[in-house]
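# This is a predicted model, with the sequence first.
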Amino acid sequence: MKKILVSTALLAGVLSYAGGFRVSLQGVKQLAMAHTSAHAEDASVAFFNPAGMSFIPSKLSIVAGAFGASNKVTFQNLNTLQSTQTDNPMGTPLYAAITYKPIEKLSVGFSFTTPFGSTIEWPNDWEGKEMVQKLELKSFYFQPMVSYKFNDWLAFGASYIYARGQVDWDKAITQFGGQINIKDKKATGHGFGFGFYFRPDPKLDVSIAYRSPVDMKAKHGTATFDFPSASIYPLLGLDAAKRTDGFTATLPLVEEYTIGLTYKITPKWLVSADFNYHGWERYSQLTLDFATAPIGNQADPTVSVSPKNFRNSKTFRLGTQYAFTNMIYGRLGAYYDESPYSDDHFIPETPSFNTYVVTGGVGFKLKQFGVDVAGGYAMPQSRNVNNANLGFYGQAKATAFYLGLGLSYNPF
């Protein structure tokens with residue numbers, strides 16, 4: 001059986017409209033401060049940098065949180081002036097982590113996150129229906145990790161990444177008046193992360209972290225075809241009763257580099273900054289290779305290739321926190337996230353924009369317990385779509401906002 005090689009476009013959540021498919025919603029406290037990373041108050045640091053576990057003041061730390069993310073994308077054909085808007089349900093990313101120090105210099109932990117996951121839903125009859133009608137993603141990252149503290153100011157940590165994912169993608173096949181659904185519920189992948197965490201001065205935290213690419217492997221996928229006439233299926237080498245074609249897939253997710261700083265200007269006031277670099281260049285094209293169905297665009301009619309031409313991108317983040325009392329904390333932030341592709345490579349299944357985001361939130365500490373609330377408002381910059389390869393032209397706009405609630409427990 002031939003392969004269907006599906007790039008991250010098929011597994012990409014659209015909660016984040018800027019740097020490709022990366023969803024910056026892995027910590028409520030972090031989101032309130034522009035999703036900056038150099039914060040080692042509790043186990044939420046584990047996802048960002050495993051080395052930060054060594055500087056958590058509590059021997060045992062437990063955190064959990066959830067977000068609601070709402071987004072809309074509007075596309076307008078500038079020739080016909082017809083507008084189309086997505087009807088996306090609210091996304092609900094989750095995270096949880098636990099860290100423990102069995103001995104003074106050694107910390108172990110576990111992080112669960114959903115860094116990719118959402119649904120984008122266009123009308124079934126819109127002009128881009130051959131590219132996407134609906135794309136739904138669920139993905140889960142499981143990361144056991146360990147950190148060793150060499151001295152009072154330096155720690156090194158590493159994590160193993162086990163990823164599971166699900167994809168459900170509908171698009172039209174207009175030459176036969178039908179539709180195809182691509183689905184896999186058991187995609188898996190593996191990767192790693194590591195980092196250094198420094199505290200050279202009680203006022204300064206420095207976080208340097210790397211997260212590797214993860215190649216998702218889909219081994220039990222199904223492509224289901226739906227045509228108005230049963231006579232079409234034999235023409236495509238398909239059983240008219242089953243209407244399906246099996247596939248395997250390799251789904252590459254990109255690497256990420258992060259440098260974060262947090263400086264305590266006063267005992268009550270701190271400022272944080274992050275720089276993220278994303279290796280999106282590895283996503284160069286989308287290739288679908290079906291077992292029997294000849295619906296491609298290559299010499300081999302079962303193969304369909306779409307160039308994507310992504311480029312590496314950057315994110316700049318700045319956040320702050322002020323302690324009004326020992327129990328109440330106020331937080332603000334802003335960040336700028338680059339899109340990894342130009343206007344002439346815009347794709348509606350993973351719409352991406354250069355985006356400014358403002359964030360804010362409050363935190364409450366009740367002895368060992370903490371409660372954090374955060375929100376973010378995204379301002380994606382409109383794009384003049386000019387994708388000649390797809391014959392896709394017009395203007396794209398988007399809006400998005402996020403709300404999050406997080407809980408923490410540091411018993412001892």
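Nice, thanks for sending it over.

# What segments of the stretch 51-200 of the chain are strands?
Ranges of strands within the stretch 51-200 of the chain are 60-76, 83-85, 94-103, 106-113, 117-121, 134-151, 154-173, 178-201, based on DSSP state E, counting those that start in this stretch.

# for the stretch 301-412 of the chain, same thing?
303-307, 313-323, 328-337, 355-366, 369-380, 383-387, 392-409.

# Any idea which of these gets closest to S272?
strand 313-323 (4.6 Å; C-beta to C-beta). C-betas here are computed from N, CA, C, even on glycine.

# Was I right to think D372 contacts G406?
Yes - D372 lies in contact with G406 (C-beta atoms under 8 Å); the separation is 4.2 Å.

# Name the residues contacting each of these two.
Taking C-beta atoms under 8 Å, 6 or more residues apart in numbering as the contact rule, the neighbours common to D372 and G406 are V28, K29, G65.

# low pLDDT regions in the stretch 201-350 of the chain?
Scanning the stretch 201-350 of the chain for pLDDT under 70 picks out nothing.

# ok, now with 90
Applying pLDDT under 90 to the stretch 201-350 of the chain flags the ranges 214-223, 231-232, 234-242, 245-254, 279-310, 345-350.

# how deep is N326 tucked in, by neighbour count?
8 (other C-beta atoms under 10 Å).

# which one is it nearest to, not counting chain neighbours?
Leaving aside its sequence neighbours, N326 sits nearest to K365 (C-beta to C-beta, 6 or more residues apart in numbering; 7.0 Å).

# Local confidence estimate at the one you found?
Predicted confidence (pLDDT) for K365: 95.

# List the residues that contact Q26.
H35, S44, F47, F48, P93, Y95, T113, P115 are the contacts of Q26 under C-beta under 8 Å, 6+ apart.

# Swap in 7 Å and give it another go.
F47, Y95, T113, P115 (C-beta atoms under 7 Å, 6 or more residues apart in numbering).

# do F48 as well
F48 neighbours (C-beta under 7 Å, 6+ apart): S37, S207, A209.

# was I right about the second one contacting G260?
If I follow you right, that is S207. Yes - counting by C-beta atoms under 7 Å, S207 touches G260, with 4.0 Å between them.

# Give the intersection of the neighbour lists for those two.
Shared contacts of S207 and G260 (C-beta under 7 Å, 6+ apart): S37, A38.

# D201: how many residues sit nearby?
11.

# ugh, wrong one, I meant T174
For T174, the neighbour count with other C-beta under 10 Å is 10.

# With F412 instead?
7.

# Quick check: it vs Y100, distance?
Using C-beta to C-beta, to the nearest Å, F412 is found at 10 Å from Y100.

# Repeat that for Y283.
Y283 is 37 Å from Y100, by C-beta to C-beta.

# Same check on P267?
Plainly put, P267 is 28 Å away from Y100 if you go by C-beta to C-beta.

# Could you do E349 as well?
When E349 is compared with Y100 (using C-beta to C-beta), they lie 41 Å apart.

# And the two? Which one has more around it.
Comparing E349 with Y100 by neighbour count (other C-beta under 10 Å), the higher total belongs to E349, at 20 against 17.

# May I have the phi/psi pair for the more buried one?
phi -70, psi -30 (degrees, to the nearest 10).

# wouldn't it be in contact with E130 here?
No - applying C-beta under 7 Å, one finds E349 not in contact with E130, separated by 10.9 Å.

# Need the pLDDT of the residue nearest to I56 when sequence neighbours are not counted.
Of all residues not flanking I56 in the chain, A40 sits nearest, at 5.5 Å (C-beta to C-beta, 6+ apart). Note on A40: pLDDT of 96.

# same thing with L403?
For L403, pLDDT reads 96.

# OK, contacts around it?
Applying C-beta under 7 Å, 6+ apart, the residues contacting L403 are F67, G68, G375.

# just the buried members of those residues?
When the contacts of L403 are checked for burial by 16 or more other C-beta atoms under 10 Å, the buried set is F67, G375.

# Output the contacts of L403 in a markdown table, with distance to N387 and pLDDT appended to each entry.
Listed next are the contacts of L403 as a markdown table, based on distance: C-beta to C-beta, whole Å; pLDDT from 0 to 100:
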| residue | distance to N387 | pLDDT |
| --- | --- | --- |
| F67 | 31 | 94 |
| G68 | 31 | 92 |
| G375 | 33 | 96 |
